[in-house]
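>>> Curious how this folds, go ahead:
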Amino acid sequence: MNSNFIPWLTRRIGFGAMFLLMLGWLAVPVALAEKPGWTNWFGKKKAADDTAEAVQTDVAKSKDKADKEGRKAAKETRKAEQEAARQQKEKEEEATAEMEAVKEKAAKAEKEATRKQKKMTEDAGDEVEKGKAKVKAEKNKTAEGMKELDKGSEKGQAMREQHSRKWWKFGLD
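Numbering: from 1, shown residues only. So this is what the prediction gives:
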C-alpha cells in the first residue's frame, strides 16, 4: 500500500469513521480467538457436536424452567380461584344473613300491624257499642217524652190544644 493511503482515507471518511475501522480490524481477531470452534478448520465436526450438546442442554434447561414456571402459574391460579370462591361464599352468607334479618323485620312489622288492627277493630267495636247504646237511650228518652206528652202533662195539654184547632182558626186568638 501506498504510504499516503491512510491520510488520504482519513480525509475522505473522517477521523471517527477511521477510528471505528481500525477498532474493527483489532476486534475481529480477538472475537475469533475467543471462539475456537470457529477458527479450527479441521475440528469442525467436533465443534458442531459440542454445539448440538450445548443446544440440547439449553433446551432441556429451558423446558425445565418453563415447566417450573407453568406449575407455579397453575398454583397461583388455583390460589386465586380458591380466594375468589371463598369471597363469593362470604358474600352469599352475608346476603343470606341480611335477607333473614329483613324477613324477621318484615314479620315483626306485620305482627305489629295485625296487633294494631285488632286493637283498632276492638276500639271501633266498643265505639259502635257505645253509639248503639246512646241511640237506644235517645230512643228511650224520646219515647218517654212522647208518652209524657200523651198522658196529660202541661206540655201535652198545650200540644193537644194547638193541634186541635182548625186551620181556619189559626192566628185569631
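>>> mind listing the strands in this structure by residue range?
Here the chain has no strands by DSSP state E.
>>> any low-confidence regions in it?
1-3, 10, 27-50, 143-153, 155-156, 160, 163-173 (pLDDT under 70).
>>> Just give me the longest helix of it.
Longest helix in the chain, counting residues (DSSP state H): helix 44-151.
>>> Quick one: list the elements packing against that one.
Where contact means 3 or more CB pairs under 8 Å, 6 or more residues apart in numbering; DSSP states H and E, helix 44-151 is packed against helix 36-39, helix 154-164. Glycine gets a C-beta too; all of them are placed from N, C-alpha and C.
>>> State the number of residues packed around Leu9.
13 (other CB atoms under 10 Å).
>>> Quick check: chain neighbours aside, which residue is closest to it?
Closest residue to Leu9 in three dimensions, ignoring its sequence neighbours and counting by CB to CB, 6 or more residues apart in numbering: Met18, at 6.6 Å.
>>> My read is that the one you found contacts Trp8, right?
No. Contact criterion CB atoms under 8 Å: Met18 and Trp8 do not qualify, at 10.9 Å.
>>> of those two, who's got more company?
Neighbour count, other CB under 10 Å: between Met18 and Trp8, Met18 has more, with 16 against 10.
>>> Kindly point out which residues are neighbours of both of Met18 and Trp8.
With contacts taken as CB atoms under 8 Å, 6 or more residues apart in numbering, Met18 and Trp8 have no neighbour in common.
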